[in-house]
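K.L.:
Fold the following.
(3 chains)
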Amino acid sequence: MDLLIVNGVVYDPVNGINGDRMDIAVHDGKIVEQVNRSQAKVIDASNMLVMPGGVDIHSHIAGPKVNVGRLLRPEDHAEDSEVKGLFTRSGVGGSVPSTFTTGYRYARMGYTTVMEPATPPIKTRHTHDELNDTPIIDKACYILFGNNWFAFEYLKDNRIKDCAAYVSWMIDALKGYAIKVVNPGGVEAWGWGANVRGIDDPVPNFDVTPREIIRGLCKVNDLLGLPHSVHLHTNNLGKPGNYQTTLDTMRCVEDLSDSDPILHITHCQFSSFRGDDWSNVTSAAPEISDYINKHRHISLDMGQIIFADTTTMTADGPHEYTLHRISGNKWVNLDIEAETGGGVVPYTYKPKSYVNSIQWTIGLELALMIDDPWKIMLSTDHPNAGPFVEYPSIMSWLISKHARQNSLGDVNKKTPRRSHLTDLDRELSLAELVVMTRCAPSKALGLTEKGHLGAGADADIAIFDIDPTRVDPSKEYLKYDRTFRRAAYTVKDGVVVARNGEITARHSGKTLWVKSGLSQEALSSLKDELRERFEEYYTVQLDNYPIEESCLTKSKPVPARSNL
Amino acid sequence: MSIEVTLITGRSTSQGLGLELGKHSEKYKRGVASCELNIEDMKVLGVETDDLIEMSSECGSVVLRVAELEQAVPRGVAFTPNGPWINSIICSSTSGTGMPRYKGISVKIQPVKEGLVADVSSLVEADKSDH
Amino acid sequence: MTINVYDNIVCPFCGCLCDDLKAIISDGKIIDVKNACIYGLTKFLNYSIERSITPVIQGNNGRDNVDLKTAVDRAAHILVKSKYPLLYGWSCTSCEAQRVGLELAEEIGGVIDNTSSVCHGPSTEALQDIGESTCTLGEIKSRADLIIYWGSNPLQSHMRHLSRYTIGAEGRFRKMRDDRTMVVIDVRNTYTARVADFFYQVEPNSDYELISALRLALRDEEVEQDEVAGLSKDEIYDLVNMMMRCDFGVVFFGLGLTMSLGANRNIDAALSLVRDLNMRTKFLIMPMRGHFNVAGADVVFTWQTGYPFAVDFSRGYPYYNPGDTSAIDILLRGECDASLIVASDPVATFPAEASKRLVSNPLICIDPHLSITAEAANVAIPSNFVGIESAGTAYRMDTIPLPLKKIVDPPEGCSSDVEILEMILHRVRELKR
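P.N.:
Predicted structure coming up:
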């Protein structure tokens, strides 16, 4: 049935709409110019805020390490259960919700697309099985390459074209969407209990440096024309003083692009520390923001801290071990043959902790000091810096200085004067917030049919019961905080899937992945080349490694603009 | 003459193959309704391979065949493959862990002349009423 | 005569999930399988021997052969009437079937539990307290120079484990047998112990004490006793030194630890020891999962419900408390009033009292084997063999997912576990309306 959303206060920055009262028409899962009102379901959105559905560029929702996180936290789940409903399966929440609950909770908040940012290639079948069981939202996964033995060997010899063929095959075979790099070289070193110390520190036994890995994969990405840039978790993440490594990293690919972003640095808060040790760590947001303001080749997402009990999980094995040693919390380590690693450690961010509260200021400083909201996206690296259900808190902090002042009142006494946040007056407009949570992620991901409400866009729409022309975001941030947690309507593919917190339809989203542009001959000769080493490096057969398209409940392949 | 030993139950090849060949097979029964003892303990009991013994725990007793010596069993220990015979004497209580004690159980062993249950189905009293 | 050869077949027997098997089919029958161990080969060549292909309903009037629809209908009636049904097994079927099982358990408000409960459930319980330093098997093949099998006898349980993954494997950084040291810790001198470089015989029920002594020695504290758990003080220090001095060590542990006195506390200690060893060197630990898809059952249960086994849906949402919601405990308390057993034979493997309780209630069994449970069942529905007659996904002991393949057709009318469960679920929903 067609849909007509009438008289909403619409924010659609891509199409220059900034709070105009207008109608949105939906036909066959897409936004169209108009529909016949008498044959449509009509939603009266008068005095309600209408925006595109949320797009989350980085959230750990599916796959082996996420599942280990779920396994590790029965105590977390026991306090937060979801009963089976008319359109919903039962489940559990906490910081690592079960798969059904994950889909429903995103939908309730008006989010409609979520990217799983790190899947180990050999276990990606698992990631897709979980994504299949994550209802409503559209999704995709990024494939880990930064500690991959084949990639190391290609890049050490500067065989960019051959590496590109390999990556193209891998992404197609594993039904992935982008190249993900985590602590390049460092996770391979962790295979021996070690790490790398900077981007020029060679990887033991492979003699390739993180700089070469990052540059090489950026060139590969360019050759393949993948829809997203290389998505990077920096070396030295979480260490005092690491902002230097982050600057080195951003500089090391400056020459590779003069316009569009070629590198996305994820959860940048964790990579923006000044200081020598934990007692004197401070924010490097000014340095990082300054660089970003002067350059165009990097995009970021925040990695904003929420003061809550959560669960950290990354492919950065050595970092997770460090976190375990610092916190004393239980620790799972997950090294993966020839490819990557990972770890899971529960963690609580406390406002009275000096370090945690400085971390909290860093994410916000980045968002407020970077002039262009198209360059920095909202995220918590869920669940690493905080659970995704707390995004509305972040939205309040961004649109209201009062909200920030209020929270600054709760933090460690040393923090306000050591941070820049107290002096930052900027309050993001609603349009800027929509950019950070919808438009910018869609653009960064090459999702041309998402993040806007023009004709041809996917009918993924969020309607919030708040009138932005009458409710001042700055002073009445609590109202926005509350409203953003429960969309009045969430529309996905033209179907009303959530209404005031209730899930109102059974709906399956699509799994997006990038098809390889390689010819059959090229693929064949690549596999012949790989076969012998594959036998040596792995304990599974090459022919059992790829995943059939039929394994995805709803597959949406997208072509790459390959220049190979 | 009876002795007290610690019983370990576990995987054996015949038990594993029985999973695929069927639990009514002769091979399964011979392998699984049996018990490996230490050679010194066998002398004390006065038994040899293929003789029968009765093994009792606090939860029941069962008659088994003395098995061929394959993997050396220490003095004071008996090994029996997992299966319905030995399950007659495994206690079900789990001490709140979900897992019964299948290994490290105190049992008493004495020689007997007969009583080996021939067919595995007889060990299981099926309730045949209508449902 | 048509001969077909299928490469890269995944073996559906144990947690090794070897995926390099080559099956030779002649006129639709398997005539040989290369690279399989005796267990796998026996399964592939003999699976047709003890099986039924007709559903059976049994009651006061004896056994009746029925059609699938009738059996499904009877099963659905039993489940709908039941107040606290138990859905148990799941480790010898596909993940796709496990997913339907979870949906069914939720629909009828029952308890769903898998064989981990009587196998590595305690290992998972310990992991939930301590964590686990682990990896995939290829990491062992590539890097491990110290391999310890503790309470595990792979030459009898996981026959190709040594040749594919540990001392017999040729890895990037460890090419020769001499590059690795193998240690076995067990209560008896098993076949596996005999191929080890070092064998330590531990007294039954004493692993916890031994691990505690090792942890003390590791922290440079004095072990005051001359002997612990059957090992001398010297042996204890030798073992700790071996562990500390290796470059990359691994402990594979089996049911010797989970089934002995202490259960999950033994694993707790072992996980803590390995965690502590990581302060000195690189060390990992891995449970030797038995059935070919028990790891998959834990994985699927966890992503859908948040919990790995013993999941109780009677409140309308998942609730987990092993020792309370686990199969044997539910049976012993007499609360279970019907059960559905899938791909498992608990009537044969449970202790007698629990087994009796199972058969004293309405019992439905879905299994390709003519198992003891199937013989005792009120409704026995034969399914086909996943990995031979139908495809599906399974997870290896290190949770790598692999595709089980269909290589021969099942007998006429013999459906897969997935199909049968979906039929039951559909009928249950009809009855509930």
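
K.L.:
Leaving out sequence neighbours, find the closest residue to A:His324.
P.N.:
In space, and not counting its chain neighbours, A:His324 is closest to A:Trp331: 3.5 Å by C-beta to C-beta, 6 or more residues apart in numbering or on different chains. Backbone N, C-alpha and C define where each C-beta goes, glycine included.

K.L.:
For the one you found, give me its contacts.
P.N.:
Shown in contact with A:Trp331 (C-beta atoms under 8 Å, 6 or more residues apart in numbering or on different chains): A:320-321, A:323-324, A:343-345, C:131, C:133, C:275.

K.L.:
Mind pulling up the pLDDT for it?
P.N.:
Looking at A:Trp331, its pLDDT stands at 98.

K.L.:
Distance check, it against A:Leu263.
P.N.:
Distance of A:Trp331 to A:Leu263, given as C-beta to C-beta, to the nearest Å: 30 Å.

K.L.:
for the contacts of A:Trp331, which one is nearest chain B?
P.N.:
When the contacts of A:Trp331 are compared for distance to chain B (C-beta to the nearest C-beta), C:Gly131 comes out closest, at 18.9 Å.

K.L.:
So what sits opposite the closest one in the bridge?
P.N.:
Note on C:Gly131: beta-bridge partners by DSSP bridges are A:Trp331.

K.L.:
Would you check that it makes contact with C:Val274?
P.N.:
No - C:Gly131 is beyond contact range of C:Val274, at 9.9 Å (criterion: C-beta atoms under 8 Å).

K.L.:
for the longest strand anywhere in chain B, packing partners?
P.N.:
Counting residues, the longest strand found in chain B (DSSP state E) is strand B:103-112. In this structure, strand B:103-112 makes packing contacts with strand B:3-10, helix B:39-45, strand B:52-57, judged by 3 or more C-beta pairs under 8 Å, 6 or more residues apart in numbering or on different chains; DSSP states H and E.

K.L.:
Which of those sits closest to C:Gly168?
P.N.:
strand B:3-10 (22.8 Å; C-beta to C-beta).

K.L.:
quick one: low-confidence ranges for chain B?
P.N.:
In the predicted model of chain B, residues B:125-131 satisfy pLDDT under 70.

K.L.:
how about the helices of it, start to end?
P.N.:
Counting by DSSP state H, one finds helices in chain B at the ranges B:13-21, B:26-32, B:39-45, B:84-87, B:120-123.

K.L.:
Can you list the buried residues in the fourth one?
P.N.:
Applying a neighbour-count criterion of 16 or more other C-beta atoms under 10 Å in any protein chain shown, the buried positions in helix B:84-87 are B:84-87.

K.L.:
if I look at the residue nearest to A:His324, how far off is A:Leu433?
P.N.:
Per C-beta to C-beta, A:Trp331 is found 36 Å from A:Leu433.

K.L.:
cool, A:Asp28 as well?
P.N.:
Distance of A:Asp28 to A:Leu433, computed by C-beta to C-beta: 30 Å.

K.L.:
try A:Asp172
P.N.:
Distance from A:Asp172 to A:Leu433, by C-beta to C-beta: 36 Å.

K.L.:
Leaving out chain neighbours, which residue sits closest to A:Tyr321?
P.N.:
Leaving aside its sequence neighbours, A:Tyr321 sits nearest to A:Gly343 (C-beta to C-beta, 6+ apart; 6.3 Å).

K.L.:
typed the wrong thing, it's C:Pro382
P.N.:
In this structure, C:Pro382 finds its nearest non-sequential neighbour in C:Ser52, 4.8 Å apart by C-beta to C-beta, 6+ apart.

K.L.:
Report how many residues lie close to C:Pro318.
P.N.:
Around C:Pro318 there are 29 other residues, counting by other C-beta atoms under 10 Å in any protein chain shown.
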